[in-house]
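A.B. asks: here is a sequence with its predicted model. Questions after.
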Protein chains: 4
Amino acid sequence: MTAHSDTPARGPGSGKRERILAAAEEVFAARGFFQARVSEIAKAAGVADGTIYLYFKSKDDLLISLFEDRMELVNNELETALEGAEGAPAKLRCFIRAYCDLASRHPNTAEVITIELRQSSKFMKEYDNPRFADFLRRLASIIEQGQQEGTLHSEIPAPIAARSLFGALDELLLAWVLGGGEKFDIVRAADWVGDMILKGLEARRNQ
Amino acid sequence: MTAHSDTPARGPGSGKRERILAAAEEVFAARGFFQARVSEIAKAAGVADGTIYLYFKSKDDLLISLFEDRMELVNNELETALEGAEGAPAKLRCFIRAYCDLASRHPNTAEVITIELRQSSKFMKEYDNPRFADFLRRLASIIEQGQQEGTLHSEIPAPIAARSLFGALDELLLAWVLGGGEKFDIVRAADWVGDMILKGLEARRNQ
Amino acid sequence: MTAHSDTPARGPGSGKRERILAAAEEVFAARGFFQARVSEIAKAAGVADGTIYLYFKSKDDLLISLFEDRMELVNNELETALEGAEGAPAKLRCFIRAYCDLASRHPNTAEVITIELRQSSKFMKEYDNPRFADFLRRLASIIEQGQQEGTLHSEIPAPIAARSLFGALDELLLAWVLGGGEKFDIVRAADWVGDMILKGLEARRNQ
Amino acid sequence: MTAHSDTPARGPGSGKRERILAAAEEVFAARGFFQARVSEIAKAAGVADGTIYLYFKSKDDLLISLFEDRMELVNNELETALEGAEGAPAKLRCFIRAYCDLASRHPNTAEVITIELRQSSKFMKEYDNPRFADFLRRLASIIEQGQQEGTLHSEIPAPIAARSLFGALDELLLAWVLGGGEKFDIVRAADWVGDMILKGLEARRNQ
DNA sequence: TATGAATGAGCGTTCATTCAT
DNA sequence: GATGAATGAACGCTCATTCAT
């Protein structure tokens, strides 16, 4: 559904596009975008090198499509996770927990989003990264809502708070991912950080 | 002074090594490590391609040496900035402000540290990045000190708080750098984030 | 069939590997291994530079594979040439004549074996050159047989005699090849040398 | 004294040219001409890289000059060795023995002459190699003398016999040198080969 | 659709040679 | 003369992409 990749008329359920994306995720996570070889991805996907170009315009497009696809999943899952929550603080807590939980269940996705994302913003200046913008906007709007409700203070612009929160979590995930998931418990750490940020954002009761 | 680069015996003050590092910083910042061409760096430094290899073992070594060199500057500058500050909260504020100030004065350095650093942890598993570890340790020890003083609460382990704080700042810097330094005022944003995090870390007086 | 070169699965009879070997032989003969450019070989073979690396691991591997391939031909042809001959003296004469005949029909092969072979023994200490060892063993075993038959005297160890004989022929071929094949008639010269060596090896009748 | 190398007006007995030649011989023998680095030679000679170019025009010239120099020594030593010998057979025996003895005392010289010589004939078509031609002429003239005396038969042209003899010895030396001088006793082997060739060249008494 | 052999532009690195000191 | 830092042309090899089958 992205604007980037060709979608060849394929037999229903052939799932080749998805297999290629999954393989790309794995290889990008393991080696990094620039170190990853298209032929490695093809092999991991069980297809011929050329087949990749039936589904994606280029290696760049494969990365972008992977972002789009995974960020869509992330956004959807976060949407669902937030459904039960009432009030900005609870929503934020939900968000943080759901995001880290997601990352801990899909470390390769986390690695690609966390590390390769930054690259991409550099090497593809033309790529807007709309889903990531969505993601940030979603987070910011929760904070904004809290500021309007009066549960969160308004000293800091919501987009900046959102960005910092994402940065804090992202760095945590990076440390976790690079440590092989063994250095600490990511969900517990996320709770600590969530508490800290939330406390930092709380409206002062007697103000 | 790094263990990585050869330093050919040469007339004092020739400054060629420094010129190459500066050129590398510029080019890595503009294009990213993998997209940067050694010949571009050479041209930017005003030396021949081969000259780079008199001072650095390889392109990789050039990146690592650049990290080491710049992180040393960062660590030293932060050291100095902290000298006047008393108490963990003031020190943290100083740290944040100094770091962002530094970054806003040297956006290329910020870009390289911020973006290429992460790469490096991936593509050079063997590289320890000791100066960055130093940097994080320094930050963590301020927080720890606050926890021992009682000015900061102890609900979150200091290394995790430090890492999150760095992540928040780093993400902010990334947004700022990618926006060409024009989207918002980095120092003001850093103050906001500093306030937020500090409030989040403050010991609750009436608990 | 060598252990050195990859053989990509391809349509039968594509013969690309052979064309590359032939081109390499030509270029190595004309310029020498170190002066030969991979791109020259590719051009001579009518393939792209990269194609060579589908069939051979490296330029070194190309040389080694060429040796193996040509020495196999030489050994096979000598085998055939010896079939009709009875007794060591006749066999030796056959051997010498067949070897020089072969060389005069394939001067490039001769040049590569004669000149580049020696290089290789130096610059690739790890390369055993098993086919050349075969070749020498074959020659030595003819002499040994003659010594056991009593037609050749036993004052000189067969491997040393074989090596010298090869050296004598090789030097002759070198002179012939460097002279562009025009200075003298190589087959006639080989007969002279064959007679000389055979006379030198003959058992003394009245001893 | 060669036509190839510059001879800077140097302090008497500075011996720098000789030291460079000795170093070149060592390095060429150890690594081969193309693998040898000028800087290695400089280091081995205890001079700066640039200094080599005060004495020799180029790396090629260094090799050529080394040949000239060493072949001159060889020719002189052979001259001396032949002084006492009377008659072609005795002279040939002397020659062979002296040549191998020389080689066993100066294996690096042998290696360079034996292996690098052939290269040079290829990569420097313009280089005549006059001293080596001298060497061969000297050998041929002994044989010719024997043929005129009647002690050696005339079935084979002297230059061809000379060339073969050299090839036989050269191959023997190569095997010996590549075997690290440990596989067999070169002087004994040379005697065997000498006997064989001499017997092969002897005029048949009753013909 | 799918394949994978073939392509060839492009780059990191080397090293013989130069020349300012 | 002697030095050795600097040069930059040159080359082996890689790998994203194409296209004949």
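C.D. replies: It's in. Residues are numbered from 1 along each chain as shown, chains lettered A, B, ... in the order given.
A.B. asks: pLDDT weak spots in chain A?
C.D. replies: When residues are selected by pLDDT under 70, those of chain A lie in A:1-13, A:118-126, A:204-207.
A.B. asks: any chance you could map the helices in it?
C.D. replies: Counting by DSSP state H, chain A has helices at residues A:16-31, A:38-45, A:49-55, A:59-82, A:88-105, A:107-111, A:117-123, A:130-149, A:158-178, A:186-201.
A.B. asks: closest one to DNA strand E among those?
C.D. replies: Of all the helices of chain A, helix A:49-55 sits nearest to DNA strand E, with 1.7 Å by Cβ to the nearest atom of the strand. Quick note: C-beta positions are derived from backbone N, CA and C, even for glycine.
A.B. asks: does chain C have contacts with the closest one?
C.D. replies: No: using Cβ under 8 Å from any Cβ of the partner chain, we find that helix A:49-55 stays clear of chain C, coming within 12.8 Å at best.
A.B. asks: give me the number of residues near the residue nearest to A:Phe166 when sequence neighbours are not counted?
C.D. replies: Among residues not flanking A:Phe166 along the chain, B:Glu171 sits closest, at 6.0 Å (Cβ to Cβ, 6 or more residues apart in numbering or on different chains). Using other Cβ atoms under 10 Å in any protein chain shown, B:Glu171 is surrounded by 25 other residues.
A.B. asks: one step back: please identify the deepest-packed of the helices of chain A.
C.D. replies: helix A:158-178 (a mean of 24; mean count of other Cβ atoms under 10 Å in any protein chain shown).
A.B. asks: counting by contacts, list what that helix packs against.
C.D. replies: helix A:88-105, helix A:107-111, helix A:130-149, helix A:186-201, helix B:117-123, helix B:158-178, helix B:186-201 (3 or more Cβ pairs under 8 Å, 6 or more residues apart in numbering or on different chains; DSSP states H and E).
A.B. asks: any chance of the ones you listed in a markdown table, with distance to DNA strand F too?
C.D. replies: Below are the helices and strands packed on helix A:158-178 laid out as a markdown table (distance: least, Cβ to the nearest atom of the strand, whole Å):
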| stretch | distance to DNA strand F |
| --- | --- |
| helix A:88-105 | 27 |
| helix A:107-111 | 18 |
| helix A:130-149 | 22 |
| helix A:186-201 | 31 |
| helix B:117-123 | 12 |
| helix B:158-178 | 24 |
| helix B:186-201 | 35 |
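A.B. asks: wait, which of these is closest to A:Arg163?
C.D. replies: helix B:158-178 (5.5 Å; Cβ to Cβ).
A.B. asks: specify the angle between the closest one and helix A:158-178 in degrees.
C.D. replies: Put simply, helix B:158-178 runs at 120 degrees to helix A:158-178, going by axes from the mean of the first three to the mean of the last three Cα atoms, to 10 degrees.
A.B. asks: just the CA atoms of helix B:158-178, as CSV, please.
C.D. replies: Output in CSV follows, covering the C-alpha atoms of helix B:158-178 (Å, rounded to 0.1, in the frame of the first residue of the first chain):
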residue,chain,number,x,y,z
ALA,B,158,21.0,6.1,38.0
PRO,B,159,22.5,4.5,34.8
ILE,B,160,19.0,4.1,33.4
ALA,B,161,18.0,7.7,34.2
ALA,B,162,21.3,8.9,32.7
ARG,B,163,20.7,6.9,29.5
SER,B,164,17.2,8.2,29.2
LEU,B,165,18.2,11.7,29.8
PHE,B,166,20.9,11.4,27.1
GLY,B,167,18.3,9.8,24.8
ALA,B,168,15.9,12.7,25.3
LEU,B,169,18.6,15.3,24.6
ASP,B,170,20.0,13.3,21.7
GLU,B,171,16.7,13.0,20.0
LEU,B,172,16.1,16.7,20.5
LEU,B,173,19.4,17.4,18.9
LEU,B,174,18.7,15.1,16.1
ALA,B,175,15.4,16.9,15.4
TRP,B,176,17.2,20.2,15.6
VAL,B,177,20.1,19.1,13.4
LEU,B,178,17.8,17.6,10.8
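A.B. asks: cool, thanks, talk later.
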